[in-house]
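Asker: Here is a sequence together with a model predicted from it:
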Amino acid sequence: MKRISAATCALLIMLLSVSGNAHGQSLSSGGAMFGVSLNRTAFSPEAGPVENPGVIWKKSFGAMIRTTPAPADDIVITGDEKGVVRGVDMANGDIVWTHDAGSWVWSSPAVSEDTVVFGTQHGEVIALDVRTGERLWLAHVGGPVLSSPLICDGRVFIGDSGGNMNALSLTDGSSLWKVRFEGQVRSSPALDGGVLYFGVCNGKFAALSPETGELLWSITAPGALCSSPAVVGNVAWVGCGDGHLLSIDLEKHAVRWKFHTAVGIFASPAVAGNIVFSGGSDGKFYAISADTGKEKWSFPVPDAVWSSPVATDDAVYFGCNDGGLYALDAESGSLLWSFQTDAAIVDSPLVTQNGICFGNDDGEFYFLK
C-alpha cells in the first residue's frame, strides 16, 4: 500500500495552497484513514465491486465495531467497543496481532508509514507499530476521543470530547498545541490549502493553522457539527444536527447553500465529481449537486444512515442501521447490490481493489469480493 510521507504531505499543502483541486480529487494516503484522504472527500481511487460480491471471510469479535478499517500493506486494522485493536490479514481474516487499549475505540485508526494512531474513551491517543501491534506511545488529551486522527508532516491532528483540537508529534505523542472550544470536538479534521477545518458540537465550524493552532476564522451553523467536513479547494460540505447538509464558502466564511432533510445528519459526506453524497437519519441516502445544493436523486432505505459513504468513479457504498451494506450507481442512484447482516453498520466501509471490508454492531467483521 502506498502511504504518504511527511515530505510528500508538506509538498501537497504547498501545492494546494497555490492551485486548489477538482471536486472529489483525493489527496490520498491510499485510504489509510477515515474519509480516505487528507481533505476527507471519501473518494476512493480504487474501484469496488459493482456486482453481487461473495463473502471471502467473516470474523466474529464479540464487540461492537464502529471504526473504519485502515489498510497497511497486507493487513487491515480495526478497533472495537471493548478496546481491542486488531491487525487482520486481508487475504484470509487471520489475526496477525491484537492490542488491548483498555477502553472502547470508536476513533477510526489512521496509518502513516509504520505507525497506526487512534483514540479511546479514556481520552488517550495511542500509536502502535503496524507490523506487531506494539505500543509506541500514549498521549492524554482532554476527554473521550470519537474524532479520527489526521496524520500529516509528522503531526497528528485529533479532536476530543473535552472540546479540544490537538496537534501531537507523530514521533513521541508530545503536545505541539491545543485549542479549546465550548463544545465537544467529535468531527475529524480535514486539511486542504494549508488550513485545518472541522466542526464542533456547539455549531462552530472552525479553520485553524496546522502549524500553530491559530484560529483563522469560524462561523456558527444552525445545529451541532458532529459530522466531519469534506473539503475541495474553497468549499466544504458538512452534515448538521438540525437536518441540513451545509456547503460552506471557505473564502467568504459563509454558507453557500443548505440542503434540508427531516432529521439530523451525523454521517460525513463524500464528494465525487460534482456530486455530494450523504446519508440521513430520515431513512434516505442522497446525491446532491455540489454547486447548487439541488437533489439529483435519493434512495430509500429501511432505517437511519449513520455510516459515512465512500464513493468511486462508478459507485457509492454505505452501511445502514438495518444491517445492510448498499452499493448504488453513482450517477443514477439505482441499486447495484446489497448485503444483509444482523446488526447496524455504522462504520464507513473500506473499498480496495480486492473487495470491500467493514464491521457491524454485533462485532462481525467482513471482507466481500
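Answerer: Yes, it's here.

Asker: which residues touch Phe367?
Answerer: Contact analysis of Phe367 by Cβ atoms under 8 Å, 6 or more residues apart in numbering lists 55-58, 76, 90, 93, 355-357. C-beta here means a position set from N, CA and C on the backbone, and glycine is covered the same way.

Asker: Neighbour-wise, which one of the residues you listed leads?
Answerer: When neighbours are counted by other Cβ atoms under 10 Å, Cys357 leads the contacts of Phe367 with 26 neighbours.

Asker: That one falls within a helix, correct?
Answerer: No. Secondary structure of Cys357 (DSSP: H, G, I helix; E, B strand; the rest coil): strand, not part of a helix.

Asker: Save the contacts of Phe367 as CSV, and put in pLDDT and distance to Gly333 too.
Answerer: Shown next, in CSV, are the contacts of Phe367 (pLDDT from 0 to 100; distance: Cβ to Cβ, whole Å):
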residue, pLDDT, distance to Gly333
Val55, 98, 26
Ile56, 97, 27
Trp57, 98, 30
Lys58, 98, 29
Val76, 97, 29
Met90, 95, 30
Gly93, 97, 32
Gly355, 93, 23
Ile356, 97, 19
Cys357, 98, 24
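
Asker: For the residues you listed, work out which two are farthest apart.
Answerer: Val55 and Val76 (15.3 Å; Cβ to Cβ).

Asker: Go ahead and confirm Asn39 touches Gly233.
Answerer: No. Between Asn39 and Gly233 there is no contact under Cβ atoms under 8 Å: 9.1 Å.

Asker: of those two, who's got more company?
Answerer: Applying other Cβ under 10 Å to Asn39 and Gly233 shows that Asn39 carries more neighbours, namely 29 against 17.

Asker: State whether the more buried one is indeed within a helix.
Answerer: No. Applying three-state DSSP, one finds Asn39 to be coil, outside a helix.

Asker: That one and Ser175: what is the separation?
Answerer: Distance, Asn39 to Ser175, by Cβ to Cβ, to the nearest Å: 25 Å.

Asker: give me every residue that touches Thr78.
Answerer: By Cβ under 8 Å, 6+ apart, Thr78 lies in contact with 65, 67, 69-70, 85-86, 88, 109, 359, 365.

Asker: repeat that with 10 Å
Answerer: By Cβ atoms under 10 Å, 6 or more residues apart in numbering, the contact set of Thr78 is 59, 61, 65-70, 84-88, 105, 108-109, 118, 347, 350, 357-359, 365.

Asker: do the same with His253
Answerer: Applying Cβ under 10 Å, 6+ apart to His253 gives the contacts 205, 207, 216-219.

Asker: From those residues, pick the one nearest Trp337.
Answerer: Phe205 (35.7 Å).

Asker: So what pairs up with that closest one in the strands?
Answerer: Beta bridges link Phe205 to Gly199, Ile219 when assigned by DSSP bridges.

Asker: do you know how far it is from Asp160?
Answerer: For Phe205 relative to Asp160 (Cβ to Cβ), the value is 18 Å.

Asker: do the same with Glu124
Answerer: 10 Å.

Asker: Could you do Gly213 as well?
Answerer: For Gly213, the distance to Asp160 equals 14 Å [Cβ to Cβ].

Asker: okay, the two: which has more neighbours?
Answerer: Neighbours were counted for Gly213 and for Asp160 using other Cβ under 10 Å; Asp160 has more, 25 against 16.

Asker: Asn360 - nearest residue in space that isn't next to it in sequence?
Answerer: Counting by Cβ to Cβ, 6 or more residues apart in numbering, Asn360 lies nearest to Ala343, which is 4.5 Å off, once chain neighbours are set aside.

Asker: ok, now Lys294?
Answerer: The nearest residue in space to Lys294 (Cβ to Cβ, 6+ apart) is Ile288, at 6.9 Å.

Asker: pLDDT score assigned to the nearest residue to Glu81 once chain neighbours are set aside?
Answerer: Nearest non-adjacent residue to Glu81, counting by Cβ to Cβ, 6+ apart: Met64, 3.9 Å away. Note on Met64: pLDDT of 98.

Asker: Ala262 now?
Answerer: At Ala262, the pLDDT value in this model is 89.

Asker: Please state the mean pLDDT value computed over stretch 286-293.
Answerer: The model assigns stretch 286-293 a mean pLDDT of 98.

Asker: Span of that stretch from start to end?
Answerer: End-to-end distance of stretch 286-293 (Cα to Cα, to the nearest Å): 11 Å.

Asker: Please apply the same query to stretch 164-183.
Answerer: End-to-end distance for stretch 164-183, by Cα to Cα: 8 Å.

Asker: Report the backbone C-alpha coordinates of the helix or strand encompassing Ile248 in PDB.
Answerer: Per DSSP states H and E, Ile248 falls inside strand 244-249. Only the C-alpha atoms of strand 244-249 are listed here, as PDB (Å, rounded to 0.1, in the frame of the first residue of the first chain):
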ATOM      1  CA  HIS A 244     -29.200  20.200   6.900                       C
ATOM      2  CA  LEU A 245     -26.200  19.400   4.700                       C
ATOM      3  CA  LEU A 246     -24.200  22.600   4.500                       C
ATOM      4  CA  SER A 247     -22.000  23.900   1.800                       C
ATOM      5  CA  ILE A 248     -19.500  26.500   3.200                       C
ATOM      6  CA  ASP A 249     -17.600  29.100   1.200                       C
END
